[in-house]
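>>> no sequence on hand, only this structure:
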């Protein structure tokens, strides 16, 4: 029996078909995954167990699979976030009803043509809420206040100050407050479209404010411009603060860095001017407020939240409004990103945001690489006649992540060779990927051709992480818009002759189900009974991944498929192997005990169908090959489960023993079963715990004279790992066999 046949030894990772060029995509961006001339299937598919491991290792943090059944006294792998992740994701993808209006801009001159005088009354109103806490990272509030005072003194001395900070960090407010500290009134807001060389001629007495001037490589803000401004300011006894973002074009211009004040401090300051002081501590202690602050909101969001909390305190708003506010603020931010024109947010930056949503928590270099691939596809959509151009240099990691409200950190990434330390990037708000992909797919359908083309390319990438994230991205799209995701992406992948596409389709359906997309079980049940070979294959694999939620129905569907295959004159051995692999996954799933019971129940029928017996035994033996951590000499998972159940007097021990006796007695499976036992004995030679477990199992397998002779012969004649005589443990295990039955 060859590897990969029902009951055969696991074949391990199998070679995959090379990725086809992506430049043959149809104009709508949704090509059939198979390229012209690909008349035959790729010869082998990645093993189901290995594909499942890749899925668990690389799925995004907001849709983690439960990593394994309770085997050998503990969970093998990570934690279960499936159900809770589905509920959270469902709420996020459905969206929020709370409306948020940010009332800024008109005061600080951030509009595209805003200019004129800002009244002293307006400036004093801003000063009543202004806080400096948090503007110096990791510093005490007094240190932050001292730093701001020094900035004001620097402005007094130099007359002009360039304040650099990220968008929506409150840099406009800070600029206004610096002028307020110097009593520089009236405050004159200068049009941001003014050329740097023209600003000196537009300065007035008192205070001057220039927010985010339009600078680019052709017209940067230069030191010579500042010198001209300083001379003019000195003549008029005036002051000027210029705010710029991280991407501003500057030449030899000294800047003062500005960081956003602490959201807690901003929220508290605004609350104290809206409600009674004794109410503030109670509001700030609400769980919804804590959750809001934990997501690192911008100052403008904290200000808007203060209004909502004040309304809640006075009975004008209810609990749901303060609970939904955080999600609504996130939705508003993402809508702003996509609505910004090219001068404010370049298409390449938008492509990076999408890639970060797909690869949230992945290595930054990988995300950046694949975001540029998406950028090229988006350029083709915008202007098909112009070849896409991707700049090789010119990006700054810190500025790029700052724009995305993301962070960079180091963490180990699983690989087939072991964990590797990587520099990763992720949104600070873990809901952002789901909201962003929803907004992209439903709010900007013109991006679909490029996005689909990109996903097709990701699906055939040689890196498991990339393929898994292609699947997880499509899963989110399926929750958002199931008909379109199925028709444009999942169904073409499932019908593909390339097993690589099929596996990604399996993962997309499984992850979509974890996110509570509708009708996924119905889809795979229907496909499993159909005649399309690709869809049947995908459905069989999918049953193995999500069938633990409904093991009876999943096993019934797999048995029905096995019967159908046995009725064919020319059986498809590969499909039968896939059926056994799905049973294997179910045996090793969190529902493993129920699955074992169901396998035995299906065997205890008057019909004694060969298809049902072969499916049950082959799947069980496949599971018996698996070891903890997939290590060569790791503890066998099923044997560890048997030892645990036998110690507890659990019926699972009996079920495992009965399935073992069935496998040893079945002519088709006996050889494979003995191979498994030989492997277990070799592992026992290294691990006393495995020896003790085998010593408990072997006696219950030697029920008949044939059983005894079979096991005794194995232990007497097996060779060690170097083809030498039987290892010492084999002799010790022979002693636990009962006397030859009569």
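Structure's in. What do you need? Note that this is a predicted model, so its numbers are computed, not measured.
>>> shaky segments in the stretch 501-650 of the chain?
606-607 (pLDDT under 70).
>>> now do the helices in it.
520-529, 533-546, 551-566, 573-587, 592-603, 610-624, 637-648 (DSSP state H, counting those that start in this stretch).
>>> may I see those arranged in TSV, with distance to residue 135 and mean neighbour count as well?
(Glycine included, C-beta is placed from N, CA and C.) Output for the helices of the stretch 501-650 of the chain, formatted as TSV (distance: least, Cβ to Cβ, whole Å; neighbours: other Cβ atoms under 10 Å):
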stretch	distance to residue 135	mean neighbour count
helix 520-529	48	19
helix 533-546	49	25
helix 551-566	56	20
helix 573-587	53	25
helix 592-603	55	20
helix 610-624	58	25
helix 637-648	54	21
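>>> export these to TSV and append columns for distance to residue 115.
What follows is those, written out as TSV (distance: least, Cβ to Cβ, whole Å):
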stretch	distance to residue 115
helix 520-529	56
helix 533-546	60
helix 551-566	67
helix 573-587	66
helix 592-603	70
helix 610-624	73
helix 637-648	71
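>>> looking at those, which is nearest to residue 669?
helix 610-624 (4.9 Å; Cβ to Cβ).
>>> got the phi/psi numbers for residue 187?
Residue 187 has phi and psi values of phi -100, psi 130 when expressed as degrees, to the nearest 10.
>>> contact partners for it?
By Cβ atoms under 8 Å, 6 or more residues apart in numbering, the contact set of residue 187 is 117, 118, 120, 123, 176, 179, 206, 207, 208, 209.
>>> can we see that at 10 Å?
Contacts for residue 187 (Cβ atoms under 10 Å, 6 or more residues apart in numbering) come out as 107-109, 116-120, 122-123, 175-176, 179-180, 204, 206-209, 239, 241.
>>> nearest to residue 353, of the helices of the stretch 501-650 of the chain?
helix 520-529 (27.9 Å).
>>> what is that closest one packed up against?
With contacts defined as 3 or more Cβ pairs under 10 Å, 6 or more residues apart in numbering; DSSP states H and E, the packing partners of helix 520-529 are helix 464-480, helix 491-494, helix 499-514, helix 533-546, helix 551-566.
>>> elements contacting the last one?
By that I understand helix 551-566. Helix 551-566 packs on helix 520-529, helix 533-546, helix 573-587, helix 592-603, helix 610-624, going by 3+ Cβ pairs under 10 Å, 6+ apart.
>>> output these in JSON lines; the columns should cover distance to residue 165.
Below are the helices and strands packed on helix 551-566 laid out as JSON lines (distance: least, Cβ to Cβ, whole Å):
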{"stretch": "helix 520-529", "distance to residue 165": "45"}
{"stretch": "helix 533-546", "distance to residue 165": "46"}
{"stretch": "helix 573-587", "distance to residue 165": "51"}
{"stretch": "helix 592-603", "distance to residue 165": "54"}
{"stretch": "helix 610-624", "distance to residue 165": "57"}
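>>> closest to residue 272 out of those?
So among the helices and strands packed on helix 551-566, helix 520-529 is nearest, using Cβ to Cβ, at 50.1 Å.
>>> please, where are all the helices along the stretch 51-200 of the chain?
82-94, 120-127, 141-158, 171-181.
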